[in-house]
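1. fold the following.
(one chain, ligands or ions: 2)
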Amino acid sequence: MKIAPSILSADFGALAEDIARVEGAGADQLHVDVMDGRFVPNITIGSPVVEAIRKRTRLPLDVHLMIVEPERYLADFVRAGADIVTVHAEATPHLQRALVQIRELGARAGVALNPATPSDALTWVLDDLDLVLVMSVNPGFGGQKFIPAMYAKIRQVRTRLGSRAVDVSVDGGVKVEHARPLAEHGASVLVAGTAIFGAPDPVAAVKQLREAVATG
Ligand code: DX5
Ligand code: ZN
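-> Ligands and ions are numbered 1, 2, ... in the order given. Purely as a prediction, here's the structure:
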């Protein structure tokens, strides 16, 4: 199981320090939420901030694009240092093309599914992706409540992927008590914002999440 702290809940005024802290705690990758105020109500950061983060950490950057027409910005984010670029199935009519483009640019390609989007959306792109991001809240804000119906969707996604070496990542409201059941349902990456950066000790929070995968 990989642990991916989401910087959405970090202190943006002290981002480099917050990132160094979770990197030291053994986080596996850093989840970066990009919101445009159109696909989701909130606005966060763009590629210049990704570029700045890239210079401050060795962790792979997992960039979650919650933006309309993601095709227009793929090259910017890969150039800025994204290792994984995830687009929403709901945000583009040309999902397959977007995934091919991400891989051609040299990054790993991810597809995110809103809670109400069926896993069928993946059927014809199974060989074009490296990661599936199952949203366990409706995207747009940190600190929301985990939607338990997503356990079954994670299992469905894992079954659809068959033996392909694709990560199944879970994003939204993930707390320590979800870690073990998420692993059992087939998740391989836990994204957590509030549970890590909102905790009194983010270093301990990363370790607790990892331990909970094994012990429940
Ligand atoms: C929600 C974002 C999540 C968010 C998760 O739109 O995609 O990555 O940061 O934060 P928590 O863990 O607080 O739900
Ligand atoms: Zn996210």
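2. this protein: helices as residue ranges?
-> Per DSSP state H, the chain carries helices over the ranges 15-24, 47-54, 74-80, 95-104, 150-161, 176-184, 194-197, 202-215.
3. and for the closest residue to ligand 2 within the chain, the neighbour number?
-> Using Cβ to the ion, H64 is the residue of the chain that sits closest to ligand 2, at 3.8 Å. The way it works is simple: take the backbone N, C-alpha and C, and place the C-beta from them, glycine included. Neighbour count of H64, defined by other Cβ atoms under 10 Å: 28.
4. who's in contact with the residue in the chain that ligand 1 sits nearest to?
-> Using Cβ to the nearest ligand atom, G193 is the residue of the chain that sits closest to ligand 1, at 2.8 Å. Taking Cβ atoms under 8 Å, 6 or more residues apart in numbering, we find G193 in contact with P5, S6, I7, L8, S9, H31, D33, G142, G143.
5. just the buried members of the residues you listed?
-> Buried members of the contacts of G193, counted by 16 or more other Cβ atoms under 10 Å: P5, S6, I7, L8, S9, H31, D33, G142.
6. could I have the CA atoms of stretch 80-98 written out in CSV?
-> The C-alpha coordinates for stretch 80-98 follow below in CSV (Å, rounded to 0.1, in the frame of the first residue of the first chain):
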residue,chain,number,x,y,z
ALA,A,80,6.4,21.2,-14.3
GLY,A,81,7.4,17.8,-12.9
ALA,A,82,4.3,15.7,-12.5
ASP,A,83,5.1,11.9,-12.5
ILE,A,84,1.4,10.9,-12.6
VAL,A,85,-1.3,13.0,-14.2
THR,A,86,-4.9,12.1,-13.4
VAL,A,87,-7.8,13.4,-15.4
HIS,A,88,-11.5,13.0,-14.6
ALA,A,89,-13.5,10.8,-16.9
GLU,A,90,-16.3,13.3,-16.5
ALA,A,91,-14.1,16.3,-17.6
THR,A,92,-13.3,15.3,-21.1
PRO,A,93,-15.2,13.7,-24.0
HIS,A,94,-11.9,12.3,-25.3
LEU,A,95,-10.6,10.4,-22.3
GLN,A,96,-8.6,7.8,-24.4
ARG,A,97,-6.8,10.6,-26.2
ALA,A,98,-5.9,12.4,-23.0
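7. so for it, what gets flagged as buried?
-> 80-92, 95, 98.
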